[in-house]
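J.: I would like to see how this sequence folds:
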Amino acid sequence: MSLTSPGAYRTVLEALKAPLPSGAPPGRHILIEPGSYPNTGFRSTGDFVMTAVEGLGSVTLDGRTVGTIEVTGKVTLQGLIVRNWSDKGLALEAAEGTIVAERCEFMTKGSLAVRASKGANLTLRDCEVQDGAVVYSASSGVMEGTTVTGTSGNAVALRSGSTVTLRSCQVRDAGGDGIWVTEGAKPQIERCTVSNPANAGIRVDDRAEATIRDCEIDGSDKETEKASLFVTTKGVALAEDCRLVRPGFDGVWVTAGGSLIARRIKMTSPRRIGTVVQKGRALLEDCEVVGAASSGFYLSDKADVTVVRGRVADAGGPASG
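T.: Numbers count the residues shown, from 1 in each chain. Purely as a prediction, here's the structure:
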């Protein structure tokens, strides 16, 4: 596929519709030469690999439809920049199928950039997502080495029973929660960094069950009304070996029937309290609060809390209430 080469297909749709040679194996490999391809917008149920010949940054696919790329088959995307300029459009829509995106960039004018739904399995590996959210709904997959930045609302949403592994990802400057786990989703979140969210760094609610290990949430001392780790409305979280740095409100907040097991969590310089438990359940083991503006811990009379060891230092108020 090329803008200029003689005999090459000019659009993705042309390449997808081209007849396969007799006896060729199923699926096709579309090689795209450098250039910006406007008016891209296609839906495919087939199997294919689509590759930018000269790597990331050399090929841009621009669309204004509901989805610049809408796929339901077995699809691999490599080295592409995919953008959508519709207020309600997505850069990538994966409904059913198995989709792998490697070293791609996804950008959107709307609030959602990438969505997996209806049982799709979506892998984002070493990708960058800008301005729009990544949503897994009733789906599965992996996000690895991927960055999500500058969203107007929540940056990553895992919902409707989705089972997703997030590993070595960065979530920056979310206009809502950094990572929202809800509606019975069961993700594994490992070695991820969430920085400068407007609300919670990681929120777990509505019977979701999240495992969070070796992550850092940096609130950048930006004032919010949510904790760096917020577990509420019957959400369940296991958090181990995490660092909550400069939370804009509390480090950890468990409330409204939420349940948390926290081991070796270090909370540094929260704007208010290190850990708050209200009408929730928590096991806090070897946790540390340093430099809280108010208190290290606030445990209400309706909280079910077990504290095993732990340390509070340089707090502005009493250790618990």
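
J.: Going by C-alpha atoms from here, please, whenever you check contacts or count neighbours.
T.: OK.

J.: Show the pLDDT at Ser300.
T.: With respect to pLDDT, Ser300 scores 88.

J.: what's the answer for Gly317, then?
T.: So Gly317 comes in at 57 (pLDDT).

J.: With Gly321 instead?
T.: 39.

J.: and what of Thr72?
T.: Predicted confidence (pLDDT) for Thr72: 96.

J.: how many other residues sit next to it?
T.: 23 (other Cα atoms under 10 Å).

J.: I'd say it and Glu96 touch.
T.: Yes: using Cα atoms under 8 Å, Thr72 is in contact with Glu96, at 4.9 Å.

J.: quick check: domain ranges of this structure?
T.: Listed by automatic domain parsing, the domain ranges of the chain are 1-140, 150-321.

J.: chain center to the longest one, what's the gap?
T.: Okay, so that is domain 150-321. Distance of domain 150-321 from the chain centroid (Cα atoms, centre = their mean, to the nearest Å) equals 16 Å.

J.: And the first one, by the same measure?
T.: Between the mean C-alpha location of domain 1-140 and the chain-wide mean there is a distance of 19 Å, by Cα atoms, centre = their mean.

J.: Overlap in contacts, Thr72 and Glu96.
T.: Ala120 (Cα atoms under 8 Å, 6 or more residues apart in numbering).

J.: re earlier: give me whichever of the domains of the chain is most buried.
T.: domain 150-321 (a mean of 23; mean count of other Cα atoms under 10 Å).

J.: Can you pull out the low-pLDDT segments for the protein?
T.: 317-321 (pLDDT under 70).

J.: how about the helices of it, start to end?
T.: Counting by DSSP state H, the chain has these helices, from start to end: 12-17.

J.: what sits against Val245?
T.: By Cα under 8 Å, 6+ apart, Val245 lies in contact with 216-220, 267-270.

J.: Just those: which are in strands?
T.: When DSSP state E defines the strands, the subset of the contacts of Val245 inside them is 216-218, 267-268.

J.: which residues touch Gly110?
T.: Contact partners of Gly110, counting by Cα under 8 Å, 6+ apart, are 85-90, 131-132.

J.: How much space separates it from Leu92?
T.: To Leu92, Gly110 is 12 Å away according to Cα to Cα, to the nearest Å.

J.: Of the contacts of Gly110, which is the nearest to Val231?
T.: Set against Val231, the nearest of those by Cα to Cα is Gly132 (24.2 Å).

J.: Please tell me I have it right and that closest one contacts Glu105.
T.: No: using Cα under 8 Å, Gly132 is not in contact with Glu105; the gap is 11.5 Å.

J.: any residues in contact with both of the two?
T.: By Cα under 8 Å, 6+ apart, no residue touches both Gly132 and Glu105.

J.: could you measure the most centrally placed residue in the chain against Thr268, distance?
T.: Nearest residue to the geometric centre of the chain (Cα atoms, centre = their mean): Val156, 3.1 Å. From Val156 across to Thr268, the span is 24 Å (Cα to Cα).
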